[in-house]
Structures are given as structure tokens and as C-alpha cells.
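# From the sequence below, what's the structure:
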Amino acid sequence: MIGKKDNREEIFHYFQMRDLIPDDHILKLIDRHVDFSFIREKVRHLYSETGRPSVDPELMVRMLLVGYLYGIKSDRRLCEEVGMHVGYRWFVGLNMGDTVPDHSTFSKNRHGRFEGSGIWEEIFDEIVRRCIEAGLVRGEHVTADGTLVNADASLNAMQPLVVELRPGEYLLKLDEKSPEKKAGDTDGGRDDEFKNKGGKLGNDTHRSATDPDARIARKGNHSDTKLRYQVDYVMDNLSRVILDASVSGLCGRGAEMALALTGLEKIKWKYKLHPHTVGADKGYAAGQFIRDAYEAGITPHVPVFDTRREHDAGIYPIENFEWDEVNNRFICPAGKILKYHGKNHKQIIYRANAKDCGACPVKAQCTKDISRSVSFHEHHEYIEAARKEMKTRGYKLSQRNRKKIEELFGEAKEQMGFRRMKLRRLKFVIEQVFLTAAAQNIKRLVKHLEKHVPKPAQQVKLTPKNPTYSFLTFPFRLSLEYFEYYSKPAVSCFLFSDLFVLAW
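As a prediction, this is how the structure comes out:
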């Protein structure tokens, strides 16, 4: 007989919220191993000593952490999910009858109370310290990399930078915007909606009215141009824990290297970690970054390729020229002098006299120009040292670990809503960067503690006993183990057979 479920709703429910959550659920592991009570002390100075009690800041941070763990980008939706989800309610500390904080509470705290306080970075730093105390992080070998994250703004909102105009120029601008000029508009009056269509936009000439801190950038020659932020991670190779997270409105290779160097310095004075090596991709293969890394006591493992071989194909390489350090000059294979010519993009150039090259019998093998010139980078000593590191086993391990930091960016974008910023302006975007990285570190921390910290039953066995008690109870424990062992049927059978043989 087919059954039918009775859908009558019960008036009273008797259960514990904790029992509805599996023991291996990530929220239960976080609640078991991570104590968030430090948040109240870090924000205490931001609250008044008098007045009506506010929403518990630990509750708000726990709710935000749920949003970043599960990619809930909207505060309205986050409050709805916490109100409906029993596991979320239990994790943030709300009972079934408690009221969920309003979404405006998060906005007022972000844009008012917590603005400029650095609380998000302090929460991230505290989680990193917990990882270090748990033995999860060594900090000897790290990897740095960056990614571009779309800003919550459109190119249609770009406006020219305000420039001071003379009175005559201002009148011409007004004349161009007069109603008579717009009489022949064939776009149906929608020219303001598509005012940037067909125009050339640049970071030097335009800013977004929606998010002025974002910058125009693209990931490659074949990618779309959008408003983006530059986000950089420094990761511990062994544990994949993010040791530093930073964000900048400036995008590009220079900003990426600057964020990485700043992150390496933060690791030293924040956590007293001293990395030996730093791995990175070819975007960091610049003389300035390599030199700064070496001077900081860190060996850079970056792919440095000598492009001069391609440009100088078929002619004498620079190794064929003799370097005269005393007179600051090169001497070519024919004995002619190449004098200092100048610098171009940190390249030091030496050039020969055109008359000497014109009369040289081996000019075809030496140069294709009027005169021969050789150049090297101003930090060529550091670049050569980094190039030699490419032959070591440590460099190969560093490059192999680079995929781990790419996986962190992939995890953040695919699972935590990090493809697009949910907040605007740099002072608010840092919240999403730090709490996303903190959520990723928390996941690794609780899994490590769950795996390595003894369970309660194991802790009882590992508890040291009183030596006097152990000495007095030793005969009793030995006799008990003896009778337990020989009381087993198989053991008793072998024991009686041995006694029978001895008696025979």
C-alpha cells in the first residue's frame, strides 16, 4: 500500500542544533579548533562604554566567514541563509528563536565603525599565527603570485579626470553641450548611456565614477579590458597557508612585484619568519625584483631567460668582448674600443666608433648596424646568480610548487565568489581580500589540527601518571595482563599442551 506522509507541523521540537551537523563538517571543525573570542578584544576600542548594547562583533565576523566560505556575496542573502540554515545558526551562535542581524548592520559597521581600523588584517594575522603555533607553517620556502580581480564597476561609468580650464576653453565646452548641438542627435537621446563607446579610455585620463580606486587592466592580449584590482598572495610551500594577502588599485607587472616584496618584508617582522627562497613566474623576472630579493636575504627562484641570444644571432656574442673595468669600456675582438654610451631602461650601453667599425674586416660577423654596441642590465650580477639557480634542484621544486598558489586563486574564485569584488573602494575591498584568505587558511588549519591533535580518548592514555602510583600498582597490573592473556581459549590450549609435554 502506498504511504502518505503527514505534513502537519509540530508545535514543539526537542533537539540540539549541534546533533544535526555531521562531526566532519567544516563548520563543526572550525568551531572545535578555532577560538574567535579574540575579535571582541581587538574591536573593543571601537565601541562606546555606554549606551545600548550592539550586535556581538564575533557573531558578525562568524556570519561574514560563512559568506566567504560558501561564496555568498550579498549581505541580504547571507542574512536569509543564516535565518533558514540550522548549521549556520549554530555556528554563528544564534538559537532557533533568536533574530538574525539586519543586513544594514554589516554596511554600517563596514562604512562607519570598522573603516580604517585595520581589523580585517588583524583577523587574518591572528589566523596565520595560529597556523604557526600549530606547527603547520615553517616559512622556509614560499611562493609569490598575483591575480586580477574584477571590480564591481563598469567601463560605461568612466569619466574624464577633472582638469582646470581657462575661461575661453570652458565656454567652448559649454557651447558643445548646448541644446542646439544636440538637435541632430540620432541616438534617441541615449548618448549619455554610451558616451564612452568608440572612445579611448586610459588610467591617465579617466576614472570610474562608481569605483574610483579601480584601474583599467586586462590579463593578456586576448582578454577583455575591464576595471580590476591587483591581488597578491605569498604562500608557504609546505602547508599552502597564505602568509600575506595584499591588494592594490594599481595593476600590472610593477604593482605585482611591489606587493610581493612588501609581503616578504611583512612576513619577517610580523611572524618572525625568514624565508630562504621565493618562487615566482616569469612576470617577476626583473632585475629590480631579483636584486631586492637577494638584498633581503631571499634567493629568488624565477625563470630568467637570456634574450640576447635571439637578438644577437649570427654575430659575436658579448662574451667575445673583453671588459676593461678600470677604464669602464669594452674591447672588441679586433682590438677596438667600445665607450660608455648611456642607459636605456636600466640597460647600460657601450658603443664603438662608426669609423672603426666601417674599416673593420670582420664587421659582417660582428654587427648589422653602422657600429657595434653591447649592453647589460645594471643588476646583471644578481640576474646571473638567479640564472645559475635555475640549474639547482631547489629551483625545480619551487617551480613545481607554483601550481599550489594557482590552486588557491582558483579555489577563491570558483568557491568563494572572488571573481568579482562585492564591495567598492580600496578601503572596503581589503575586507574581502583578507577574509577570503583567512577563510582559506582556516580550512587548512582545522584539517591539520583534526588530523594531528589527539582525540579525547587518546589524551587520557597519553596523560602522565604519578610515579609512586605506577610503582605500587605494577604487580597488580602485571597479574591482570597475565590472566587476561592466558584466559583466551587459543592461548590456554597451547599452555596446557606445553605442560603435558613437560610432564611426559
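# Could you tell me the end-to-end distance of stretch 200-217?
14 Å (Cα to Cα, to the nearest Å).
# which parts of that stretch are buried?
Of the residues in stretch 200-217, 201, 203, 206, 207, 208, 210, 211, 213, 214, 215, 216, 217 count as buried by neighbour count, 16 or more other Cβ atoms under 10 Å. (Each C-beta comes from the backbone N, C-alpha and C, glycine too.)
# pLDDT score for the last one?
Think residue 217. As predicted, residue 217 sits at a pLDDT of 87.
# Surely it touches residue 252?
Yes: Residue 217 is within contact range of residue 252, at 6.8 Å (criterion: Cβ atoms under 8 Å).
# Name the residues contacting each of those two.
Counting by Cβ atoms under 8 Å, 6 or more residues apart in numbering, the shared contacts of residue 217 and residue 252 are residue 230.
# Among the buried residues of stretch 200-217, name the ones in strands.
206, 207, 208, 215, 216, 217 (DSSP state E).
# Tell me how far the first one lies from residue 214.
For residue 206, the distance to residue 214 under the criterion Cβ to Cβ, to the nearest Å works out to 11 Å.
# tell me the helices in the stretch 251-400 of the chain, going along the chain?
Per DSSP state H, counting those that start in this stretch, the stretch 251-400 of the chain carries helices over the ranges 253-271, 287-295, 308-311, 354-358, 363-366, 380-389, 393-415.
# Tabulate those helices (TSV), appending distance to residue 69 and mean pLDDT.
Compiled in TSV, these are given as follows (distance: least, Cβ to Cβ, whole Å; pLDDT from 0 to 100):
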stretch	distance to residue 69	mean pLDDT
helix 253-271	24	91
helix 287-295	34	90
helix 308-311	48	58
helix 354-358	67	82
helix 363-366	64	80
helix 380-389	38	86
helix 393-415	8	91
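# Residue 134 is nearest to which of those helices?
helix 253-271 (13.1 Å; Cβ to Cβ).
# got the angle between that closest one and helix 287-295?
Following axes from the mean of the first three to the mean of the last three Cα atoms, to 10 degrees, one obtains 20 degrees for the angle between helix 253-271 and helix 287-295.
# and helix 253-271, what does it pack onto?
If you count contacts as 3 or more Cβ pairs under 8 Å, 6 or more residues apart in numbering; DSSP states H and E, helix 253-271 packs onto helix 119-133, strand 141-150, strand 226-236, strand 242-248, helix 287-295.
# so can I have JSON lines of these showing distance to residue 434 and mean neighbour count?
Shown next, in JSON lines, are the helices and strands packed on helix 253-271 (distance: least, Cβ to Cβ, whole Å; neighbours: other Cβ atoms under 10 Å):
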{"stretch": "helix 119-133", "distance to residue 434": "4", "mean neighbour count": "19"}
{"stretch": "strand 141-150", "distance to residue 434": "13", "mean neighbour count": "24"}
{"stretch": "strand 226-236", "distance to residue 434": "11", "mean neighbour count": "25"}
{"stretch": "strand 242-248", "distance to residue 434": "6", "mean neighbour count": "24"}
{"stretch": "helix 287-295", "distance to residue 434": "24", "mean neighbour count": "20"}
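# Using a markdown table, please lay out these together with distance to residue 67.
Compiled in a markdown table, the helices and strands packed on helix 253-271 are given as follows (distance: least, Cβ to Cβ, whole Å):
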| stretch | distance to residue 67 |
| --- | --- |
| helix 119-133 | 14 |
| strand 141-150 | 17 |
| strand 226-236 | 18 |
| strand 242-248 | 17 |
| helix 287-295 | 35 |
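# and of those, who's closest to residue 172?
Smallest distance to residue 172 across the helices and strands packed on helix 253-271 (Cβ to Cβ): 30.3 Å, for strand 226-236.
# and that closest one, which strands flank it?
Using DSSP bridges, the strands paired with strand 226-236 in its sheet are strand 141-150 (antiparallel), strand 215-217 (antiparallel), strand 242-248 (antiparallel).
# Run through the residues that contact residue 249.
Residues in contact with residue 249 (Cβ under 8 Å, 6+ apart) are 213, 214, 215, 229, 230, 426.
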